[in-house]
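**Student:** what follows is a protein structure lacking sequence information:
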């Protein structure tokens, strides 16, 4: 399967056959890419408070069950995603030739139409000659054990499908990573690279169905690794969205004030490098998540059914 293009009704059109298994050459390429991601992630945290944490980056596989689940969850989403993409594509044509980056805290031009969003990003600034126009998106999914409750896991899967397909239609580079902590003493931090703009694979949409509720969460480490990946992109706008249902908590003492301070320091550090952070809170700890990220970076998702469309609309606004 190469694409899931919308048909006349807006529903995705899939090949009927299940995705073919990877060839031996493709399997070797995946192993090499996984090793590269592991080196990159470990280098990124080597001088942070997470430097002693045993980290493994996984490149999840997929099977026929993932294919079937993807079709089931995506069918109701694609008409919505396709319509938002249809409205967005004309903006992309303008973006290619645009001389100013929008949605900034400072700049040389005041954008009155941005005031309605109340996030203080009311200015635009002329691009330097070396800056590439466009957007790159990172989507981080909390895979802590509490995500199994109250339909949060399926809501998260539907959201990542919507974001992934929207970005495919609009040709926006996308990274989708999940994470959990304390799977074992030898694997204190687990990162799951479901989709990465460095190695584009149309079958990544099936990998997304490997998202699970697992163990604890070490949010600051996950944010740091993803933010560093985005910071290396030549795109002018770099958006990192975190879907989470609770505050950070991992062994031995990554919780409370220590974890919150680490996350806030990470956000401040990478905002200086041009990363825009947003937190989509889907659980009981919304007040704490809002405190960590700040009100201007906080999305209160009260109705989980609205999560996919909300995220896609938020992303379209940054184009």
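**Tutor:** Ah, there it is. The model shown is predicted, which means the values in this text are computed figures rather than measured ones.

**Student:** show me where this protein has helices.
**Tutor:** Under the criterion DSSP state H, the chain contains helices at 24-44, 64-74, 78-97, 152-170, 204-207, 219-231, 256-271, 286-293, 307-317.

**Student:** and the fourth one, which residues are buried?
**Tutor:** Across helix 152-170, burial judged by 16 or more other Cβ atoms under 10 Å covers 152-153, 155-170. Where you see a C-beta, it was placed from the backbone N, CA and C, and this is true even at glycine.

**Student:** ok, now the first one?
**Tutor:** Taking 16+ other Cβ under 10 Å as the basis for neighbour counts, the residues of helix 24-44 that come out buried are 33-34, 37-38, 41-42, 44.

**Student:** which one of those is nearest to residue 184?
**Tutor:** Proximity of the buried residues of helix 24-44 to residue 184 was ranked by Cβ to Cβ; the top entry is residue 38 with 16.4 Å.

**Student:** circling back to that earlier point, make TSV out of the buried residues of helix 24-44 and add pLDDT and distance to residue 314.
**Tutor:** Listed next are these as TSV, based on pLDDT from 0 to 100; distance: Cβ to Cβ, whole Å:
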residue	pLDDT	distance to residue 314
33	96	29
34	97	30
37	97	26
38	98	31
41	98	26
42	98	31
44	97	26
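
**Student:** mind putting those residues in a markdown table, distance to residue 64 included?
**Tutor:** Written out in a markdown table, the entries for these read as follows (distance: Cβ to Cβ, whole Å):
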| residue | distance to residue 64 |
| --- | --- |
| 33 | 23 |
| 34 | 22 |
| 37 | 26 |
| 38 | 28 |
| 41 | 30 |
| 42 | 34 |
| 44 | 35 |
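
**Student:** name the nearest of these relative to residue 258.
**Tutor:** Minimum separation from residue 258 among the buried residues of helix 24-44 (Cβ to Cβ) is found for residue 44, which lies at 19.5 Å.

**Student:** quick check: chain neighbours aside, which residue is closest to the closest one?
**Tutor:** Distance criterion Cβ to Cβ, 6 or more residues apart in numbering; nearest residue to residue 44, sequence neighbours excluded, is residue 228 at 4.4 Å.

**Student:** residues in contact with that neighbour?
**Tutor:** When contacts are counted by Cβ atoms under 8 Å, 6 or more residues apart in numbering, residue 228 is found next to 40, 44, 270.

**Student:** cool, residue 33 as well?
**Tutor:** The neighbours of residue 33, taking Cβ under 8 Å, 6+ apart as the test, are 59, 196, 198-199.

**Student:** ok, so of those residues, who is nearest residue 219?
**Tutor:** Using Cβ to Cβ, residue 196 comes nearest to residue 219 of those, at 19.7 Å.

**Student:** from residue 165, how far out is the closest one?
**Tutor:** The span separating residue 196 from residue 165 equals 16 Å under the rule Cβ to Cβ, to the nearest Å.

**Student:** same deal with residue 171?
**Tutor:** When distance is defined by Cβ to Cβ, residue 171 is 12 Å away from residue 165.

**Student:** quick check: mean pLDDT across stretch 170-180?
**Tutor:** Average pLDDT, stretch 170-180: 96.

**Student:** lowest confidence element among the helices and strands of this protein?
**Tutor:** Taking mean pLDDT, DSSP states H and E as the measure, strand 100-104 is the helix or strand of the chain with the lowest mean score, a mean of 58.

**Student:** not counting its neighbours along the chain, what's nearest residue 91?
**Tutor:** The spatial neighbour of residue 91 that comes closest, neighbours along the chain excluded (Cβ to Cβ, 6+ apart), is residue 319 at 4.9 Å.

**Student:** residue 135 is in contact with that neighbour, correct?
**Tutor:** Yes - in this structure, residue 319 is within contact of residue 135 by Cβ atoms under 8 Å, at 5.7 Å.

**Student:** ok, these two, which is more surrounded?
**Tutor:** It is residue 135, of residue 319 and residue 135, that has more neighbours when counted by other Cβ atoms under 10 Å, with 22 against 19.

**Student:** the nearest residue to residue 134 once chain neighbours are set aside and residue 135: what is the separation?
**Tutor:** In this structure, residue 134 finds its nearest non-sequential neighbour in residue 235, 4.7 Å apart by Cβ to Cβ, 6+ apart. Computed with Cβ to Cβ, the distance linking residue 235 and residue 135 is 6 Å.

**Student:** overlap in contacts, those two.
**Tutor:** Taking Cβ under 8 Å, 6+ apart as the contact definition, residue 235 and residue 135 share the neighbouring residues residue 173.
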